[in-house]
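1. Got a predicted structure plus its sequence, pasted below:
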Amino acid sequence: MTAVNDVTATAHALSSSRTFWELIEARAALTPDRPVLLQEDRSLTFGQLRDRAERVAAGLYGMGVRAGSVVAWQLPTRLETALLSFALTRLGAVQSPVIPFYRDREVRFALRESGAAFFAVPGVWRGFDHTAMAERIACELPDAPRDFEAYEDLPDGDPTTLPPPPEPSTGTEVRWIYWTSGTTSDPKGVLHTDRSLIAGGSCLAHALKLSADDVGSMAFPYAHVAGPDYTVMLLLYGFPAVMFEQFALPDALAEYRRHGVTVAGGSTAFYAMFLAEQRKAPDRRLIPSLRLLAGGGAPKPPEVYHAVVREMGVQLTHGYGMTEVPMITMGAPDDTPEHLALTEGRPPEGMEIRITDEQGKPLPYGVEGEVRLRGEAVCRGYLDPAASAAAFDADGFLITGDLGRLRESGHLTLTGRLKDIIIRKGENISAKEIEDLLHTHPAVADAAVIGLPDAERGERVCAVVERTPGAPTPTLAGLAAHLRAAGLSVHKVPEQLEVLDALPRNETLRKVLKYQLRERFGG
């Protein structure tokens, strides 16, 4: 118990680090020989991560990268990507990570809006030539960034040529530009500081109550805001994570088993994938070492929680985050089953959650309203000043557009999004409420509920479902009967059903792209 307490006390002390470089130096001094990143047969220790990142920083410095230089990078989840990112923190550069699956339109927008002076790409990756794309875009921009490949070979130099690390000061200088998904319009550049990302990662780390003996996993793009979020957790508690450059099941299971992964996850879609594999051999533990699934990024139906605990024999804790605030709340392994199934957990110290009405007036516990946030983990705003001005209320709370209820215990339940409310004959209907009930039907592997234009009703309720492999194709009448039997009000029962082999998703945390469903079925 003393050793556990010592690790926890150390992690909480490190949480006050003001910059990423200060954090990596502190961790490397404590446990230089412990592994931090594992990938197939390769690995990095905390000491190697610090030392090699300094050599890469020296190479970048020789190329002209300085404190404040904007460096965009579009790289897969690899050891080299982490090294490049930490090298940039050593220099005090401004990083603009770009998801590797983005193509010309999104990348051009990110490079132009951020004013990037340098752009790191992986060359040809998964059959796509990123270098050729970078050169195409360079011809279209007046101030084209200098592109360079950073996949297996990184810039290298003598660390003695480097200036001292930037003064940590308060850690409030903007050092990161992340991009919202841009599924319905141009993405927004979200401005983060080292402190805001460290605060978000600390929330995740402390809530999960991990130890130095755990082994984590990164099955998501390192360029997602979850990348630093997760890396902070490793640095605070001193344990390693397995990196997956390409994640697919069942192929990835061998790496989970070989490295003895104890903590896995990503988002609700990842839980569903693990469940599907477990059901192929229900009498054998899918990953013998696994004890916890954890994640966020998309709503979690209560039935998914119960199925994971019941069928996989592991705990599931789910959280709430967004690009603007990478970690807002997180479930804890010692929360009650009710809290874990029905809420997104509690916020950490320093995160204020306010539930308001449409005018921004605070609402009491248990009343549904809009979720607004204030705290150290909240972004500094957007690249677009107008977007920043519209995003915060007069009290400095970020207006999320999410709907939810707070319990007196501090646990938050999300009930949907303002934009995801279906207005049928003047009545507001929550898509999430229907989706959660659809997940309890054995023939439904996943579900998305959308509102479609309707001359008579204003909007009609349409359920789009993925069929469970091997199950009969669900029918509208059958699902309607199931929903009514579960207690759903008659006026909320879907009037239209569409069955797909797979719901359209993005390539990061596998969120369902509802706008594509509205475009497809709204004609």
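-> Structure received.

2. for the chain, which spans come out with low pLDDT?
-> For the chain, applying pLDDT under 70 flags the ranges 1-5, 170-171, 181-185, 426, 507-509, 523.

3. Quick one: distance of the biggest helix by length in it to the chain centre.
-> As assigned by DSSP state H, the longest helix anywhere in the chain is helix 46-63. Its chain's average C-alpha position is 27 Å from that of helix 46-63, according to C-alpha atoms, centre = their mean, to the nearest Å.

4. Could I get the buried residue list for it?
-> Within helix 46-63, the residues that count as buried by 16 or more other C-beta atoms under 10 Å are 46-50, 52-61. Every residue, glycine included, has its C-beta placed from N, CA and C.

5. ok, how many other residues are close to the nearest residue to Arg146 once chain neighbours are set aside?
-> Spatial nearest neighbour of Arg146, excluding adjacent residues (C-beta to C-beta, 6 or more residues apart in numbering): Phe118 at 5.2 Å. Residues lying near Phe118 (other C-beta atoms under 10 Å) number 21.

6. From Ala72, how far off is Phe118?
-> In this view, Phe118 and Ala72 are 7 Å apart by C-beta to C-beta, to the nearest Å.

7. Which other helices and strands does the helix or strand harbouring Arg405 contact?
-> Using DSSP states H and E, Arg405 maps to strand 398-406. Identification of packing neighbours for strand 398-406 by 3 or more C-beta pairs under 8 Å, 6 or more residues apart in numbering; DSSP states H and E yields strand 351-356, strand 369-375, helix 385-391, strand 412-417.

8. Serialize these to TSV and add fields for distance to Gly295 and mean neighbour count.
-> Compiled in TSV, the helices and strands packed on strand 398-406 are given as follows (distance: least, C-beta to C-beta, whole Å; neighbours: other C-beta atoms under 10 Å):
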stretch	distance to Gly295	mean neighbour count
strand 351-356	18	18
strand 369-375	19	22
helix 385-391	25	13
strand 412-417	14	20
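
9. closest to Glu255 out of those?
-> strand 412-417 (32.1 Å; C-beta to C-beta).

10. Tell me how far the closest one lies from the chain's centre.
-> Centroid displacement of strand 412-417 relative to its chain, using C-alpha atoms, centre = their mean, is 17 Å.

11. quick revisit: anything in contact with each of Phe118 and Ala72?
-> Pro145 (C-beta atoms under 8 Å, 6 or more residues apart in numbering).

12. Check the spacing between the residue nearest the centre of the chain and Leu483 real quick.
-> In the chain, the centroid-proximal residue (C-alpha atoms, centre = their mean) is Ala226; its distance is 4.3 Å. Separation of Ala226 from Leu483 (C-beta to C-beta): 33 Å.

13. Same question for Glu376.
-> Taken as C-beta to C-beta, the span from Glu376 to Leu483 is 42 Å.

14. higher neighbour count, those two?
-> Between Glu376 and Leu483, counting by other C-beta under 10 Å, Leu483 is the more crowded of the two (22 against 19).

15. My guess is the more buried one contacts Val493. True?
-> Yes - applying C-beta atoms under 8 Å as the test, Leu483 and Val493 come out as touching, 5.4 Å apart.

16. what sits against the residue of the chain most remote from its centre?
-> Distance from the centre of the chain peaks at Glu456, with 39.2 Å (C-alpha atoms, centre = their mean). Contacts of Glu456 were listed using C-beta under 8 Å, 6+ apart, and none were found.

17. same check, this time on Thr10
-> Counting by C-beta under 8 Å, 6+ apart, Thr10 has contacts Leu30, Leu236, Gly238.

18. For Gly319, the count of nearby residues, please.
-> Neighbours of Gly319 (other C-beta under 10 Å): 27.

19. where do the helices sit along the stretch 301-450 of the chain?
-> Here the stretch 301-450 of the chain has its helices, by DSSP state H, counting those that start in this stretch, at 302-307, 337-342, 385-391, 431-438.

20. next one: the stretch 101-250 of the chain
-> Here the stretch 101-250 of the chain has its helices, by DSSP H, counting those that start in this stretch, at 104-114, 130-138, 194-208, 226-237.

21. Need the contact partners of the first one.
-> Taking C-beta under 8 Å, 6+ apart as the criterion, the residues outside helix 104-114 that touch it are 70, 72, 74, 94, 96, 98-99, 102, 116, 119, 133-134, 136-137, 140-141, 145, 177, 179, 182, 186-187, 189, 383.

22. Same question for the shortest one.
-> With C-beta under 8 Å, 6+ apart as the test, helix 130-138 has contacts from 74, 100, 103-104, 107-108, 111, 119, 121-124, 144-145, 147, 149.

23. cutoff 6 Å now
-> The contact list for helix 130-138 (C-beta atoms under 6 Å, 6 or more residues apart in numbering) reads Asp104, Arg108, Phe119, Val121, Pro122, Gly123, Ala144, Asp147.

24. Selecting buried members of those residues in PyMOL, what would you type?
-> Only the buried entries of the contacts of helix 130-138 go into this PyMOL selection, using 16+ other C-beta under 10 Å:
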select buried, resi 108+119+121+122+144+147
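
25. domain ranges for the protein?
-> Domain ranges of the chain: 17-194, 248-417, 425-521, per automatic domain parsing.

26. end to end, how far does the shortest one reach?
-> Chord length of domain 425-521, first to last residue, is 20 Å (C-alpha to C-alpha, to the nearest Å).

27. same check, this time on the longest one
-> The first residue of domain 17-194 is 9 Å away from its last residue (C-alpha to C-alpha).

28. same deal with the second one?
-> According to C-alpha to C-alpha, domain 248-417 extends 30 Å from its N-terminal end residue to its C-terminal end residue.

29. Distance of the closest residue to Ala134 other than its chain neighbours relative to Phe128?
-> Once flanking residues are discounted, Ala134 sits nearest to Asp147: 3.9 Å by C-beta to C-beta, 6+ apart. Using C-beta to C-beta, Asp147 is found at 15 Å from Phe128.

30. circling back: JSON lines for the contacts of helix 130-138, including distance to Leu500?
-> What follows is the contacts of helix 130-138, written out as JSON lines (distance: C-beta to C-beta, whole Å):
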{"residue": "Asp104", "distance to Leu500": "28"}
{"residue": "Arg108", "distance to Leu500": "31"}
{"residue": "Phe119", "distance to Leu500": "36"}
{"residue": "Val121", "distance to Leu500": "33"}
{"residue": "Pro122", "distance to Leu500": "32"}
{"residue": "Gly123", "distance to Leu500": "35"}
{"residue": "Ala144", "distance to Leu500": "41"}
{"residue": "Asp147", "distance to Leu500": "38"}
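
31. Out of the contacts of helix 130-138, flag the one nearest to Arg354.
-> Arg108 (37.5 Å).

32. got TSV for the helices and strands packed on strand 398-406, with distance to Leu79 too?
-> Shown next, in TSV, are the helices and strands packed on strand 398-406 (distance: least, C-beta to C-beta, whole Å):
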stretch	distance to Leu79
strand 351-356	32
strand 369-375	32
helix 385-391	35
strand 412-417	35
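
33. between these, which one is nearest to Leu249?
-> strand 412-417 (26.6 Å).

34. Work out the sheet partners of that closest one and label each with its direction, please.
-> Strand 412-417 pairs in its sheet with strand 398-406 (antiparallel), by DSSP bridges.

35. Next, the angle from the partner strand to strand 351-356.
-> Between the axes of strand 398-406 and strand 351-356, defined by axes from the mean of the first three to the mean of the last three C-alpha atoms, to 10 degrees, the angle is 80 degrees.

36. quick one: contacts of strand 398-406?
-> Residues contacting strand 398-406 (C-beta under 6 Å, 6+ apart): 355, 365-366, 368, 371-373, 378, 392-393, 412-418.

37. Quick check: buried residues in that strand?
-> Leu398, Ile399, Thr400, Asp402, Leu403, Gly404, Arg405, Leu406.

38. now for those, which pair is the farthest apart?
-> Leu398 and Arg405 (18.3 Å).

39. re the thing from before, is the residue nearest to Arg146 bridged to anything, and to what?
-> Following DSSP bridges, Phe118 is listed with bridge partners Val71, Arg146.

40. is it true that it touches Ala144?
-> No - applying C-beta atoms under 6 Å, one finds Phe118 not in contact with Ala144, separated by 10.6 Å.
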